[in-house]
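*Asks:* what would the 3D arrangement of this be:
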Amino acid sequence: MSQVRTYNSPMREEKARETHEAILCALFELMDSATAADEISMEAIAQKAGVQRRTVFRHFATKDDLLTAFWPWLNARIGASTIPETPKDIIDGPRRAFTQFDLYDLAIRSSLHSRTGREMRMGTVTGRRANFRRALAPAISSLQPADAEKVEALAHLLFSASAWEILKDYGGLTGAQAGETASWALEVILSAVTPGHSPAEVANQRDKP
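*Replies:* Down below sits the predicted model:
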């Protein structure tokens, strides 16, 4: 009997992983017809995933549990969870990420405006600040603390889904253009605060052929 359990266990685990993934994928696909993930019913998710409603609840005890698991899953799928290690990583971040955001437009907007999306993002703030501070250190080490905080705050803003959305909706840009714009702004800001550079010098350098 123990041999049967040992043999079947990996199969059950693989099936469970497949079902788990199917449920998350179903929620993602349903966002095409919903304004926010919070509005999608568990019944609709089960039907889309091809499983029974009780199966969804076996994997996610509550709707909030499902949504809490969904946002990190989506970030990993998009490739937006990369931790910056250098100032260059932060400068290049929007350029890399914003084009990808266009491919997941509704899901990204839902993460910005749904309750669970906001809660998920706020839950990552402390770690994100620490990662950005560490990555920016070589560029802002000579600044006064108050000025360093300003640069960090601008880096958080420009390398974010919120910046992607605003540049698209208010600036009329594509995701690719928004990424180039945010990366350019980050480059100008970080060059300006680096010893030996000024904002005017950075602007002049960009105007040269």
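*Asks:* tell me the domain ranges of the chain?
*Replies:* 2-61, 74-207 (automatic domain parsing).
*Asks:* CSV for those domains, including mean neighbour count, distance to Thr68 and mean pLDDT?
*Replies:* No exception for glycine: its C-beta is placed from N, CA and C like everyone else's. Below are these laid out as CSV (neighbours: other CB atoms under 10 Å; distance: least, CB to CB, whole Å; pLDDT from 0 to 100):
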stretch, mean neighbour count, distance to Thr68, mean pLDDT
domain 2-61, 15, 9, 83
domain 74-207, 16, 6, 86
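*Asks:* quick check: which of those is nearest to Leu67?
*Replies:* domain 74-207 (3.7 Å; CB to CB).
*Asks:* just how off-centre is the closest one within its chain?
*Replies:* 11 Å (CA atoms, centre = their mean, to the nearest Å).
*Asks:* and the helices in the chain, which stretches?
*Replies:* Ranges of helices in the chain, per DSSP state H, are 2-30, 42-49, 53-59, 63-78, 87-103, 105-113, 115-123, 125-140, 145-158, 161-169, 175-193, 199-207.
*Asks:* what sits closest to Leu67 if chain neighbours are left out?
*Replies:* Once flanking residues are discounted, Leu67 sits nearest to Thr116: 3.7 Å by CB to CB, 6 or more residues apart in numbering.
*Asks:* repeat for Lys63
*Replies:* Closest residue to Lys63 in three dimensions, ignoring its sequence neighbours and counting by CB to CB, 6+ apart: Met42, at 6.0 Å.
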